[in-house]
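Enquirer: based on what follows, work out the 3D shape:
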Amino acid sequence: MKDAALLQIAPYHYWTLNQISGTNTEAVSLGWSIPCANTVITSLPGMAVARWNGTQWNNLGNSATSGTTALGTVTQTGTTANYGVFALATTSASNSWQITTVSASASTVCAGTSTTLTASGASTYNWQPGNLSGSVQVLTPLTTTTYTITGTSATGCITTATRTITVNPVPTANAGADKTNTCTIPTNTIGTAGVGGVSYAWLPATGLSAANIAQPTANPASTTTYTVTATITATGCTASDAVIVTVNKTPPTANAGADKTNTCTTPTNTIGTAAVGGVTYAWLPATGLSATNIAQPTANPASTTTYTVTATNTSNGCTATDAVLVTVNKTPPTANAGVDKTNTCTTPTNTIGTAAIGGVTYAWLPATGLSATNIAQPTANPASTTTYTVTATNTANGCTATDAVLVTVNKQPLQRMPEQIKPIPVQHQPIPSEPQP
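Expert: Purely as a prediction, here's the structure:
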């Protein structure tokens, strides 16, 4: 720090003036020579005496100069009763001394961030701490650090400069433990509890309930890595962390199988398809099923029914459904053996049964006396009264029905009654008498 009028303080020599006793004031005179190649003094009126007051350099002015620009003296204006450290100074831009200076790309950094320090004004440089060399240093201090740079000119003149790099702490960024979203747990909270004075920003924002809070709810459509950046609002220092939200919402395959038809020939059917590991099954309605919690139950409903299976993946709770139609075709055909008949000598045979129906076969028992046993209306000519039973079978579903007919046989001939035997009349003749002798 220095008075505004002082453009530069000579860096090479300082004088300390102490008053041992008394209270006299003194006019301070300081001399110079040109030992360093980079020293330029062309304006004697621009030379001045400066005093360090403990916090800054004060300008004591120039009341007189002597000598030349290469070798001379300057005397302060007035006198001083304040002693201490004095130095040559200039109030003119025509005068200058080689001074080591240092600049920084950033004087305040966040922990873990680098800054570039560049020294100038000398030929070689030594940096402390670290005992480094070179005019440019890329430094990453862990804590606030003051660097001292000692510059040496080509003629051996030495000057120093300092630069303090302030290091601000970074926040703690914690995206939390990795999570898995399932059908049972469709969303998850990520991140950890917020800290005062810290803001949060999440990327990507897709699937998040909010992107600017510490603990958003994550519900992405697919597995996503979310990165949170925590920023201390007072310093702008940041830190980041990432969390993976795995999406496991793949439903199982639900396959109720092909539609089935239950008939009298195939009275039951197995529905569904082979079970898959890690999948449970539930069927509705339960009516007519051998079990409702297996992959392939046996279905035997009383009437046509649509069954729905729900498959559940036990690892993620996801479900899928499918349906199958079980048609019940068990309607029996009509069996009609016809009206009872009587076979006589006048009507020695009779046709039994009724007209044939398409898709129906016929079987008669017993076969005795019938013209055929596999037609709807055979001719019946039994030797004796007989009950015939016809079984009608629906060829489409195998269902049957029966009916019976009585064929009475009345073919007995009429028997002649025997004629009454009349007695032959006996004529009584007189018995002749014996001749008389």
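Enquirer: hey, let's count contacts and neighbours off CA atoms from now on
Expert: Fine.
Enquirer: relative to Val407, how far out is Glu26?
Expert: Distance of Glu26 to Val407, computed by CA to CA, to the nearest Å: 167 Å.
Enquirer: how about low-confidence regions in this structure?
Expert: 12, 34-38, 414-437 (pLDDT under 70).
Enquirer: helices of that one, start to end?
Expert: For the chain, none of the segments meets the definition of helices by DSSP state H.
Enquirer: show me the domain layout of it.
Expert: Here the domain parsing of the chain from automatic domain parsing is 8-90, 101-168, 179-248, 260-329, 341-410.
Enquirer: and of these, who's closest to Ala254?
Expert: domain 260-329 (5.3 Å; CA to CA).
Enquirer: OK, contacts around the residue sitting nearest the centre point of the chain?
Expert: Nearest to the mean C-alpha position of the chain, counting by CA atoms, centre = their mean, stands Val247 at 2.0 Å. Taking CA atoms under 8 Å, 6 or more residues apart in numbering, we find Val247 in contact with Thr180, Asn181, Thr182, Pro220, Ala221, Ser222, Thr223, Thr224.
Enquirer: bridged to it, which residues?
Expert: Beta-bridge pairing for Val247 (DSSP bridges): Asn181.
Enquirer: that one and Ala211: what is the separation?
Expert: Distance, Val247 to Ala211, using CA to CA: 19 Å.
Enquirer: what do you get for Ala87?
Expert: 60 Å.
Enquirer: before we move on, what about Thr91?
Expert: 58 Å.
Enquirer: so between the two, which is more surrounded?
Expert: More crowded of Thr91 and Ala211, by other CA atoms under 10 Å: Thr91, with 22 against 19.
Enquirer: please report how far the more buried one lies from Ala10.
Expert: 12 Å.
Enquirer: next one: Ala161
Expert: Taken as CA to CA, the span from Ala161 to Ala10 is 13 Å.
Enquirer: try Cys345
Expert: 163 Å.
Enquirer: those two: who's more crowded?
Expert: More neighbours surround Ala10 than the other of Cys345 and Ala10, with 19 against 11 (other CA under 10 Å).
Enquirer: how about the strands in the stretch 151-300 of the chain?
Expert: 158-168, 179-182, 188-189, 198-203, 217-218, 224-232, 238-248, 260-263, 269-270, 279-284, 298-299 (DSSP state E, counting those that start in this stretch).
Enquirer: which residues touch the fifth one?
Expert: This means strand 217-218. Taking CA under 8 Å, 6+ apart as the rule, strand 217-218 contacts Thr187, Asn188, Thr189, Ile190, Gly207, Leu208, Ser209, Ala210, Val245.
Enquirer: how about those residues in JSON lines, adding neighbour count and distance to Ala239?
Expert: Below are the contacts of strand 217-218 laid out as JSON lines (neighbours: other CA atoms under 10 Å; distance: CA to CA, whole Å):
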{"residue": "Thr187", "neighbour count": "19", "distance to Ala239": "26"}
{"residue": "Asn188", "neighbour count": "18", "distance to Ala239": "23"}
{"residue": "Thr189", "neighbour count": "17", "distance to Ala239": "20"}
{"residue": "Ile190", "neighbour count": "24", "distance to Ala239": "16"}
{"residue": "Gly207", "neighbour count": "17", "distance to Ala239": "22"}
{"residue": "Leu208", "neighbour count": "21", "distance to Ala239": "20"}
{"residue": "Ser209", "neighbour count": "14", "distance to Ala239": "22"}
{"residue": "Ala210", "neighbour count": "15", "distance to Ala239": "19"}
{"residue": "Val245", "neighbour count": "23", "distance to Ala239": "20"}
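Enquirer: can you name the two of those that are farthest apart?
Expert: Longest span within the contacts of strand 217-218, CA to CA: Ala210 and Val245, 15.4 Å.
Enquirer: now do the same contact list for the closest residue in space to Gln215 that isn't next to it in sequence.
Expert: Excluding the flanking residues, the one nearest Gln215 by CA to CA, 6 or more residues apart in numbering is Gly191, at 4.7 Å. Residues in contact with Gly191 (CA under 8 Å, 6+ apart) are Asn174, Ala175, Gly176, Ala177, Ala214, Gln215, Pro216, Val228.
Enquirer: buried ones from those residues, can you make that a PyMOL selection?
Expert: With 16 or more other CA atoms under 10 Å as the burial test, the buried ones among the contacts of Gly191 are selected in PyMOL as follows:
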select buried, resi 174+175+176+214+215+216+228
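Enquirer: on that earlier part again, so which of Glu26 and Val407 has more stuff around it?
Expert: The residue with more neighbours, out of Glu26 and Val407, is Val407; 23 against 14, by other CA under 10 Å.
Enquirer: list the contacts for that one?
Expert: With CA under 8 Å, 6+ apart, Val407 has these contacts: Asp340, Lys341, Thr342, Asn343, Ala380, Pro382, Thr385, Thr386, Thr387, Tyr388.
Enquirer: how about Trp202?
Expert: Trp202 sits in contact with Ala211, Asn212, Tyr226, Thr227, Val228, Thr229, where contact means CA under 8 Å, 6+ apart.
Enquirer: would you mind measuring from the first one to Ser199?
Expert: Right, Ala211. In terms of CA to CA, Ala211 sits 11 Å off from Ser199.
Enquirer: you'd agree Asn269 is up against Gly257?
Expert: No. Using CA atoms under 8 Å as the test, Asn269 is too far from Gly257 to be in contact (11.0 Å).
Enquirer: and the residue lying closest to Thr140 once chain neighbours are set aside, how many neighbours?
Expert: Setting aside the residues directly before and after it, Thr140 is nearest to Ser114 in space (CA to CA, 6+ apart), at 4.3 Å. For Ser114, the neighbour count with other CA under 10 Å is 17.
Enquirer: report the contact partners of Ser114.
Expert: Counting by CA under 8 Å, 6+ apart, Ser114 has contacts Val138, Leu139, Thr140, Pro141.
Enquirer: tabulate these (TSV), appending distance to Tyr14.
Expert: Listed next are these as TSV, based on distance: CA to CA, whole Å:
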residue	distance to Tyr14
Val138	33
Leu139	32
Thr140	34
Pro141	33
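Enquirer: ChimeraX command to pick out the buried ones of those?
Expert: Buried residues within the contacts of Ser114, by 16+ other CA under 10 Å, are selected in ChimeraX with:
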select :140,141
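Enquirer: looking at the contacts of Ser114, spot the one nearest Val195.
Expert: Pro141 (25.4 Å).
Enquirer: you'd agree the closest one is up against Val167?
Expert: Yes. Using CA under 8 Å, Pro141 makes contact with Val167 at a distance of 7.1 Å.
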